[in-house]
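Student: Task: produce atomic coordinates for the following.
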Amino acid sequence: MNKIIIFMTAAFLLFGCSVTSEKFRYQSRFDRFYFLLNNDEKGYFASGDLDKLSASIKPRLESDKTLNERWKDVQYYEAISGFNPGQTAHFFREVILKELDRDYYYKFMGMLDSGMQKEFVLTNGFMDSYFSLYKQNPSFKNLVDSIKTDGRLYGFSDGQVYGFLRHTIFPESSQKYIFFSLLKLLKECGALADFKAGNIALAAQKLGLFIQNSQDRAAALQNISGKSGLSALSVPDLLLVYYSVVLKEMDPYALSHTLAKF
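Tutor: This next block holds a predicted model:
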């Protein structure tokens, strides 16, 4: 028994260290890039205006040999030595930060009720609800503050934090195989044609009945909503969000390619 306890404790610590180390590596990789930027460029990075960032740093890279060498070291380490400044900034914002903040996204969404999750996606009135929750819920405030520091959204305003989570992390979390899984479930319950036609109420009714007496089907739907960060939404609201937002924000080619499979 003692050996089992020791083994489980060691495994837990090893797993925890592994997760922490991965997070630390992303943080370190980001910091090596970020602290080469001046204050204006950091502002452009937070706002997502990478064209202005590129235009600002190009002449500095040309005139500052030390900065240029450090920049090239960062690019070499990331295997992006052929990237121009704008592409390099895009890589760190859309790849490195997205990976670093993925877990924060799920924690953030998990603290929102169904109304706020719906507002988050639809972008209607979300910031008013956000500021109210930020003031009233210390745990939510601590999470947001941690996203801005440990999550490396340095200098991001509250609106920019929301914009990053909504427009960078949410699309990937709700699309790809998650959207495919939803379509598959809708087809199995005979509601796919209704969903594609925008008859959300009927599609939701059919899907609700389909999962009612099956733990496996219910778990499949929970996995879809959970992976999307929309675990608080009802079936009608989940389908509404997917039809009115996710479907329309997907890359047209990816959308047509996915729908063609059904």
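
Student: For the rest of this, base every contact and every neighbour count on C-alpha atoms.
Tutor: Will do.

Student: what's the offset of stretch 139-156 from the middle of its chain?
Tutor: 14 Å (Cα atoms, centre = their mean, to the nearest Å).

Student: Show me the contact partners of it.
Tutor: Outside stretch 139-156, the residues that touch it by Cα atoms under 8 Å, 6 or more residues apart in numbering are 27, 30, 42-43, 46-47, 97, 100-101, 104, 107-108, 111, 133-135, 161.

Student: Then stretch 26-35?
Tutor: Lys42, Trp71, Val74, Phe92, Ile96, Leu97, Glu99, Leu100, Asp150, Gly151, Arg152.

Student: and the nearest residue to Ile80 once chain neighbours are set aside, how many neighbours does it have?
Tutor: Among residues not flanking Ile80 along the chain, Thr88 sits closest, at 7.3 Å (Cα to Cα, 6 or more residues apart in numbering). Applying other Cα atoms under 10 Å, we find 21 residues neighbouring Thr88.

Student: Helix, strand, or coil at Thr88?
Tutor: Assigned state for Thr88: helix (three-state reduction, DSSP: H, G, I helix; E, B strand; the rest coil).

Student: how far away is it from Met127?
Tutor: 30 Å (Cα to Cα, to the nearest Å).

Student: Angles on the backbone of Arg217, please.
Tutor: Note on Arg217: backbone dihedrals following degrees, to the nearest 10 are phi -70, psi -40.

Student: Which ones among the contacts of stretch 139-156 lie within strands?
Tutor: Using DSSP state E, no member of the contacts of stretch 139-156 sits in strands.

Student: Buried ones among these?
Tutor: Burial by neighbour count, 16 or more other Cα atoms under 10 Å: within the contacts of stretch 139-156 this picks out 27, 30, 42-43, 46-47, 97, 100-101, 104, 108, 111, 133-134, 161.

Student: These in helices, which ones?
Tutor: 27, 30, 42-43, 46-47, 97, 100-101, 104, 108, 133-134, 161 (DSSP state H).

Student: Can you give me the buried ones in stretch 176-186?
Tutor: Buried-residue list, stretch 176-186, by 16+ other Cα under 10 Å: Ile178, Phe179, Phe180, Ser181, Leu182, Leu183, Lys184, Leu185, Leu186.

Student: swap in stretch 228-240?
Tutor: Neighbour counts over stretch 228-240 (16+ other Cα under 10 Å) mark Ser228, Gly229, Leu230, Ser231, Ala232, Leu233, Val235, Pro236, Asp237, Leu238, Leu239, Leu240 as buried.

Student: what residues does stretch 198-215 touch?
Tutor: Against stretch 198-215 from outside (Cα under 8 Å, 6+ apart): 185-186, 189-192, 194-195, 217-218, 235-236, 239-240, 243.

Student: which one among these gets closest to Gln117?
Tutor: The closest of the contacts of stretch 198-215 to Gln117 turns out to be Leu240 (Cα to Cα; 12.4 Å).

Student: what bits of the protein have low per-residue confidence?
Tutor: The chain contains residues with pLDDT under 70 at 1-20.

Student: what are the phi and psi values for Asp49?
Tutor: Dihedral angles (degrees, to the nearest 10) for Asp49: phi -90, psi 80.

Student: For burial, what's the neighbour tally of it?
Tutor: Asp49: 16 neighbours (other Cα under 10 Å).

Student: Point to the residue nearest the middle of this protein.
Tutor: Ile169 (1.9 Å; Cα atoms, centre = their mean).

Student: secondary structure class for Ile80?
Tutor: Applying three-state DSSP: Ile80 is coil.
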